[in-house]
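Asker: Here is my input; please provide its structure:
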Amino acid sequence: MIEILSLALIPAAAWTGWILARSRIGHRERKRNRTFSERYFEGLNYLLDEQPDKAIAVFIEMAEVTADNVETHLALGNLFRRRGEVERAIRVHQNIIAKPGLEEGQKTRALLELGEDYMRAGLFDRAESLFVELTEREAHAPSAIRHLLDIYQQEKDWEKALQQAQKLELVTDEKMGLVMAHFCCEMAEIDLQADKPSAARKHLRQARRYYPESIRARFTLAQIATRQGMYSEALDVYEEIVVMDMEYIHELLPDYLACAKQAGEFPRALNRMSKWTEVYDGVSLLLAQTAVIRDEQGLAAATHYLADALTRRPSVKGLDHLIELKLEGGPETESGDEILRAVAQKLLVRQPSYRCTNCGYAGHSKHWQCPSCKHWSTTRIIRGVLGE
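Answerer: Here you go, the predicted structure:
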């Protein structure tokens, strides 16, 4: 009889326990909902009082980070960063990282975003630590490496920048040779400032291994050779640069001629310049040859040479130099007016006649509606030396 009674009481005890537990859970739930409602209305009041900063802070506290809504929090942090509110972005991303139970991928994503926050705030040391941690975890490695590369370039830590460029090339197969060559050239220039030409040459060899076509490495090498009195070597390097890219003639020409004089190889330089003139139409080479002719044959010969050359290749800079020669006593030339007219025509052809006062669009035709910004009656004729 007692056993039967005991068995009968088991369901009743279970039912009573369920009722009590439900009552307690319901009480906690009601308390939680009451707290949630109070915080919600608090945030709403801040919005109505035009205090959006406080409202956002309340809503962030209310939205507990979970695996289901972590993307929303990440998006919110990114929004703050884009708006320049970096401190808030940092708080949001730190809050995500601090939450237990999130997936590893979600946490590493938050670490990456937090590192970007630190970069935006100028806290490069903190950002560096996070990005290094991510690369060690092999999580978001390409993005982390790019950020580290950016940090080291801003800090002018070229050795570390070179290491990150090498890693990025391995991870992404992206060609980083040109960038790595520039890093080596930066280190070579630092060596030169410290009067370490041997170390500089070593870095330049490294630069050319990474990027054999490096023009900058050759310029620096010519500079080292000049400092060491190895003028013939410098001439060879400058001539190699011209073979690779003639656009650099105007930059190397003064040093090239100076090295030629020091090496006693000026005829070699003149011969090279003559050949370059056949294929290079830049005025710097023309003016350099004019200067040589003036030294060797006199002012009159230089004036006639320049005037004759400008009839074929009109140039404002060349015309200015021709006027200077005439003011110094050079003879008048029959082609002077022709050169002036040719230069003026070239300038006028390239010069737009109308400009939009709203967006700055320029063109040769009058438009009642600007083709760029679509505003009406904003195009006006250009006035000034080259205009109306």
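Asker: Flag the shaky bits of this structure, pLDDT-wise.
Answerer: For the chain, the stretches flagged by pLDDT under 70 are 1-74, 76-77, 96-98, 139, 333-350, 384-388.
Asker: show me where it has strands.
Answerer: For the chain, the strands defined by DSSP state E occupy 354-356, 362-363, 379-381.
Asker: Nearest to Thr277, out of the ones you listed?
Answerer: strand 362-363 (34.3 Å; C-beta to C-beta). All C-beta spots, glycine's among them, are computed from the backbone N, C-alpha and C.
Asker: Quick one: distance of the closest one to the chain centre.
Answerer: Computed by C-alpha atoms, centre = their mean, to the nearest Å, the chain-centroid distance of strand 362-363 equals 29 Å.
Asker: okay, the strands of the chain, which one's buried deepest?
Answerer: When the strands of the chain are scored by mean count of other C-beta atoms under 10 Å, the highest mean neighbour count falls to strand 354-356 (a mean of 19).
Asker: I'd assumed Val237 was in contact with Cys259.
Answerer: No: assessed by C-beta atoms under 8 Å, Cys259 is found out of contact with Val237, at 9.4 Å.
Asker: residues shared between the contacts of the two?
Answerer: The contact sets of Cys259 and Val237 overlap at Ala222 (C-beta atoms under 8 Å, 6 or more residues apart in numbering).
Asker: could you list every residue that touches the most centrally placed residue in the chain?
Answerer: Central residue of the chain (C-alpha atoms, centre = their mean): Asp150, 9.2 Å from the mean position. Counting by C-beta under 8 Å, 6+ apart, Asp150 makes contact with Met119.
Asker: any idea how far Met119 is from it?
Answerer: Asp150 is 7 Å from Met119, where distance means C-beta to C-beta, to the nearest Å.
Asker: And for Gln223?
Answerer: Gln223 is 35 Å from Met119, by C-beta to C-beta.
Asker: Just want to know which of these two has more residues nearby.
Answerer: For Gln223 versus Met119, the count of surrounding residues by other C-beta atoms under 10 Å is larger for Met119: 21 against 18.
Asker: Enumerate every residue touching the more buried one.
Answerer: Ala127, His147, Asp150, Ile151.
Asker: cool, and Gly229?
Answerer: Gln262.
Asker: related to what we said a few turns ago, select, out of the strands of the chain, the one closest to Arg91.
Answerer: Short answer: strand 354-356, nearest of the strands of the chain by C-beta to C-beta, at 44.6 Å.
Asker: so what strands line up beside the closest one?
Answerer: Paired with strand 354-356 in the same sheet, following DSSP bridges, are strand 362-363 (antiparallel), strand 379-381 (antiparallel).
Asker: Pipe those into a markdown table and attach distance to Glu189 per row.
Answerer: A markdown table is the format used below for the strands paired with strand 354-356 (distance: least, C-beta to C-beta, whole Å):
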| stretch | distance to Glu189 |
| --- | --- |
| strand 362-363 | 40 |
| strand 379-381 | 48 |
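Asker: Nothing else from me, thank you.
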